[in-house]
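[1] Sequence unavailable; structure follows:
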């Protein structure tokens, strides 16, 4: 099998073969699905699975980029990445067991109850006054651990 040149001298654009482009799209999709799941879930096992999905999306992309460059560096990085993923899975299992034994639930919000009894929670400061902006009313993020004062506004559906 002959490898076609990836750099076109006429316009200087990089040409990626269709099969490699499909593999890169699958890797990006795996990473995106894992990131969305990691940011939206509260179950500890699902968070770990979404993290693993992101790692595998990155490793698929690394192998594909190594193939495009005709070297084995992507495969070498993938071996290191899979080693890290295995260590993460072992540590995550220990954390899951510890949380479930103490709280009988795998909700991540219950981690605050695992702190030592004599250590107080960090105080949440009131947001500092912000100078007026020419952009109008921009929504502000609520500090971690504080309930928002009001629910976010929803845009009215267009007719």
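    Thanks, I have it. Source: prediction; values computed, not measured.

[2] Neighbours of residue 91, how many?
    Residue 91 has 11 neighbouring residues, counting by other Cβ atoms under 10 Å. The C-beta positions use only the backbone N, C-alpha and C, and glycine is treated the same way.

[3] how close does it sit to residue 109?
    Using Cβ to Cβ, to the nearest Å, we find residue 91 at a distance of 20 Å from residue 109.

[4] go on, residue 120?
    Distance, residue 120 to residue 109, by Cβ to Cβ: 18 Å.

[5] And residue 51, by the same measure?
    Separation of residue 51 from residue 109 (Cβ to Cβ) stands at 18 Å.

[6] Pick out whichever of these two has more residues nearby.
    Between residue 51 and residue 109, residue 51 has the larger neighbour count (other Cβ under 10 Å), namely 18 against 10.

[7] what's the pLDDT at the more buried one?
    At residue 51 the predicted local confidence, pLDDT, stands at 91.

[8] Spatially nearest residue to it (excluding sequence neighbours)?
    Nearest non-adjacent residue to residue 51, counting by Cβ to Cβ, 6 or more residues apart in numbering: residue 38, 6.0 Å away.

[9] Now that that neighbour has come up, it's in contact with residue 54, right?
    Yes - counting by Cβ atoms under 8 Å, residue 38 touches residue 54, with 6.9 Å between them.

[10] Looking at the two, which is more packed in?
    For residue 38 versus residue 54, neighbours defined as other Cβ under 10 Å are more numerous around residue 54 (20 against 16).

[11] Only the buried residues of the worst-scoring helix or strand of the chain on mean pLDDT, if you could.
    Least confident helix or strand of the chain, by mean pLDDT, DSSP states H and E, is helix 73-103 with a mean of 87. The neighbour-count check on helix 73-103 (16 or more other Cβ atoms under 10 Å) flags 74, 77, 78, 92, 96, 99 as buried.

[12] Contacts made by stretch 80-97 with the rest, please.
    Here stretch 80-97 makes contact (Cβ atoms under 8 Å, 6 or more residues apart in numbering) with 44, 45, 48, 51, 52, 55, 56, 58, 59, 62, 106.

[13] If we use 7 Å, what do you get?
    44, 45, 48, 52, 55, 58, 59, 106 (Cβ atoms under 7 Å, 6 or more residues apart in numbering).

[14] could you point out which element follows the helix or strand where residue 36 lies?
    With elements taken from DSSP states H and E, the one containing residue 36 is helix 18-40. Using DSSP H and E, the helix or strand that follows helix 18-40 in sequence is helix 44-68.
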